[in-house]
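J.: task: produce atomic coordinates for the following.
(chains A, B, C and D)
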Amino acid sequence: MIIPYLIIMPLLAAFLITLISGKGDTWGVIFSILTEITLIILSVIGFILVLENPLVYNMSGWNIPYTITLVMDSFTGFMLVIVHVIALLALMYSVAYIRHLSKSWKYYALFMLLITGMDGVILTGDLFNLFVFMEIGLFAAYALVAYGNRPEEFEASFKYAVMGSISSTLILVGIGIVYSVTSTLNLAKISEVLATQPVHVVNWIGAIFLVGFGLKAAAMPFHAWLPDAHSSAPAPISSMLSGVLIKALGVYVLIRLIFNVFGFNAIFSRVFLGLGTLSIIAASLLAISQWDMKRLLAYSSVSQVGFILIALGIGTRMAIFGALFHLLNHAIFKGLLFLNAGTVEMCLGTRDLKKMGRLGKVLPITTGTSMIGTLAVSGLPPFNGFFSKLIIIIAAIEAGFFSTAGVAVVGSLLTLAYFMKFQRYGFFGDKVIEILDHKPGLGMQTAMVCLAVLCLVTSILVVPQVRELVMDPVINAVLNQAKYIELVLGR
Amino acid sequence: MILYLLCFILLLIGLYGVITKRDLIKIILSLAIMEYAANLFLVLFAYRKGGTYPILEEGREIAMMVDPLPQALVLTSIVIELGITAMLVALAVRLYQKYNTFDITKIRRLAG
Amino acid sequence: MSLRTKSKILVFFLALVCYLALTSFTDYQEIIAGIAAALIVTLLAGGLLLQTEGKKNLFKRSLKAVEYMFRFLWEMTKANLHVAYLVLHPNLPIKPGIVKIKSSLKNESAITVLANSITLTPGTLTIDYNEKTGELYIHWIDVKSVDEKKDTEIIGAKFENLLKEVFE
Amino acid sequence: MKEKHGMTLIVRTITRISVWLIFLYGFYIIFHGHLTPGGGFAGGVILALALLNYMLAYGREKTENWININLLHDMESASAILFLIVGILGIAISGSFLANWLSGGKLFALFSSGTIPILNIIIGIKVCAGLFFVVWTLSIFHIEEEAEE
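T.: Next comes the predicted model:
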């Protein structure tokens, strides 16, 4: 019974940190890192356990219609592992980075709340509970975006909070409509009841949730808050937000709702394809024109989420594999790139690409890891980004979506183009830089190296034997709606 | 039906306010209106004609009570909105400290 | 016994009685919970109620308080009729303004009761009180004079003398 | 700078006389959370309003003398931890998180429904402290801003 502890532990850590810490951040660092290590172990064990048979946990000893259910199938386990790996590395990075902003325990408490929110969203099997955990996570995210105490951070955080509240209100209305149609909030039961409803009801409910969670996932017409929020936040938070938050709160929930609850159909497929195509092309073009390092990365996040969306729109088995693989890869390389950008910002005191120069001599590790990250995100072999994009393109061609395949190819080329700019001006500029404001700490460098290694290691998932072992149960969990219902309702 | 329509109009009024107003405080108030409309909607569809409050007391029968679950949901969402509104107000105060204005068109350090 | 202790004991019993009045006097569970609640309230806010030492002649003062209540009701009725006359008169003969009156009361509770009595009487409204000079600022719907002494006579005097006997 | 030292004597006297009553009502709402409308959140809000009433009437310095701000801060986080501990005890005793491990008692009696009154009290403390600190912190902003000008 490890499921409730995945939510209890970070919550307990958050409040223990607020209780014990006086002024300094020593206890914050110790508690948050210990918790995060435990959570990684728990989630890996959980993932291995649920590969065979998924677990369902009923809160407070009641049975299904009266209780909140926590469901852990292999898809949940997959997401949990991603979240906690990125979170631990971001936390390692934070220790040195946040101390140069302010020495306070508040950062670690908020970070733990962010983890709680994401874990809750991923684990829960109850629609309203999902909303509550989403708000916990978002609340921490709003506060963390404004953590650096600069004017533009407050501005970005305000924008983010307003957009987030609008989408949360929409989701609340959607929950109300779902409850009035189905008289239940349990996802599996909703799925069961909606199967008997006319298809236009399902589509309208799906539309509301698509807008609501599309805003959280920052698909293109709903992306306005993302570049501000993700570029203004402190670097480890940027990497958390871009790497996992938009996926846990946006993409994961969309996959869970559309595939496991509402049932995937042609209309959802078309909407996903449309949103994905728009995101890839428009966000890539916007990214090319950016001169702010982190803004460029933020727009790149929008376009990479587009890749996941088109893969979901294709909806075949191979495409889902591509989507999930790209989700994992994007979490790793975008996390890495934001950490690199944060290191450069800390050491040079600027984010403007025009003011940077040749950094190879003073920041060798950052330069090297950013090179790896860039190659991975632009889709060059042997790095993981290449394989996931290739799988998506192959899946599109196989399913007969030739224009989508074309969009994906163009998108990859555009990605390469703006990351060439990122590298050329950010790390291999003309001006040779020899003096730094600050030195990057050991934890920061370790985190970056770990992520760079992961960029290479995760490529192993395309090997058929490994894929069968790890990814196939995840894909089955996504695609098999009937099994999800059966699992939760225990029939 | 007319009640649902009014509720929807309230939601739209809030949305209109968020989109068009330039003052930070007015934006926060519009958001609050929007959230209240959502809450009202939740309470509204749980209501039925002749229903009574859903609290068990000695000698009361359950038959005519309204559905208590949406009311519990509304309570939870009110708590969440309280937190978010407090957060927004704090951000607005800090923005005022930094920019000396509540006008959103003058708070533009982030381009595009 | 110090003033603070006295105040705490008073708050405890008042709180207990109030709590039991809200629930029931017979259920032993409610009595336990009531004692617990009253204890916490006493610990938190017990010392705040009494701030000045009580005077003697409690019985006489209570009688005066009852008399004050009737006086106040009578004044209120009169003022109500006056305001009704002003509202119903076709010319609306009002003359609003803010006047200053001087009060000779020193006791905090007395001043509070005076200010609230003036506010509750239709037509007049206490706006502010100056602690150093003992002056009350009052918004008056029908200002009869701008002279401070005369205003004090019209608005304050009818309550003040009795209040002095009740509290001092 | 008048706000720093609170409001006029009239408001202060009324607050002084009525603050215990507000507290009592808050506790009443919390204790009866499982029987009547209200409960931990509503009662906690009332308790916080009693504190804020005092703060608005008397100003920040006097409030700091009256209640221990650090203790309140610790109580806020401690109450959250207590909530989780009650929940974890549910795992230990009854096998699932937040399970009701105390006996239910007689219906409609005050001491009934197991852990729910305990949780209500914990939530009440948490909400009281939390809401108080929201306004308290916002008023700190206010003073800093005046100092800057």
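J.: residue D:123 reaches residue D:38, doesn't it?
T.: No - applying CB atoms under 8 Å, one finds residue D:123 not in contact with residue D:38, separated by 11.4 Å. (Each C-beta comes from the backbone N, C-alpha and C, glycine too.)
J.: now residue D:51: how far from residue A:15?
T.: Using CB to CB, to the nearest Å, residue D:51 is found at 21 Å from residue A:15.
J.: hmm, I typed the wrong one, I wanted residue D:129.
T.: 12 Å.
J.: out of those two, name the residue with the larger neighbour count.
T.: Using other CB atoms under 10 Å in any protein chain shown, the more surrounded residue of residue D:129 and residue A:15 is residue D:129, with 26 against 22.
J.: please verify my assumption that that one contacts residue D:75.
T.: Yes - using CB under 8 Å, residue D:129 is in contact with residue D:75, at 5.5 Å.
J.: check which helix or strand covers residue 85.
T.: No chain was given, so I picked chain A. Here residue A:85 sits within helix A:74-99, counting by DSSP states H and E.
J.: the intended chain is chain D.
T.: Using DSSP H and E, residue D:85 maps to helix D:69-94.
J.: and that helix, average pLDDT?
T.: Helix D:69-94 carries an average pLDDT of 91.
J.: and that helix, anywhere near chain A?
T.: Yes - for a cut-off given as CB under 8 Å from any CB of the partner chain, helix D:69-94 has contacts with chain A, namely D:73-74, D:76-78, D:80-81, D:84, D:87-88, D:90-91, D:94.
J.: show me which residues of the very next helix or strand once past that helix are buried.
T.: Going down the chain from helix D:69-94, the next helix or strand is helix D:116-148, by DSSP H and E. Of the residues in helix D:116-148, those buried under the neighbour-count criterion (16 or more other CB atoms under 10 Å in any protein chain shown) are D:116-117, D:119-136, D:139.
J.: can you narrow these to ones near chain B?
T.: D:131, D:134.
J.: contacting residues around the most centrally placed residue in chain B?
T.: Of all residues in chain B, the one closest to the mean position by CA atoms, centre = their mean is residue B:35, 1.9 Å from it. With contacts defined as CB atoms under 8 Å, 6 or more residues apart in numbering or on different chains, the neighbours of residue B:35 are A:165, A:169, A:172, B:14, B:77, B:81.
J.: how about the residues you listed in CSV, adding secondary structure, distance to residue A:40 and neighbour count?
T.: Conversion of the contacts of residue B:35 to CSV gives the following (DSSP: H, G, I helix; E, B strand; the rest coil; distance: CB to CB, whole Å; neighbours: other CB atoms under 10 Å in any protein chain shown):
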residue, secondary structure, distance to residue A:40, neighbour count
A:165, helix, 32, 26
A:169, helix, 35, 24
A:172, helix, 33, 26
B:14, helix, 42, 22
B:77, helix, 33, 23
B:81, helix, 34, 22
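J.: now tabulate those residues in JSON lines and tack on pLDDT and distance to residue A:321.
T.: As requested, those are arranged in JSON lines below (pLDDT from 0 to 100; distance: CB to CB, whole Å):
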{"residue": "A:165", "pLDDT": "92", "distance to residue A:321": "35"}
{"residue": "A:169", "pLDDT": "93", "distance to residue A:321": "35"}
{"residue": "A:172", "pLDDT": "93", "distance to residue A:321": "34"}
{"residue": "B:14", "pLDDT": "93", "distance to residue A:321": "42"}
{"residue": "B:77", "pLDDT": "92", "distance to residue A:321": "37"}
{"residue": "B:81", "pLDDT": "92", "distance to residue A:321": "40"}
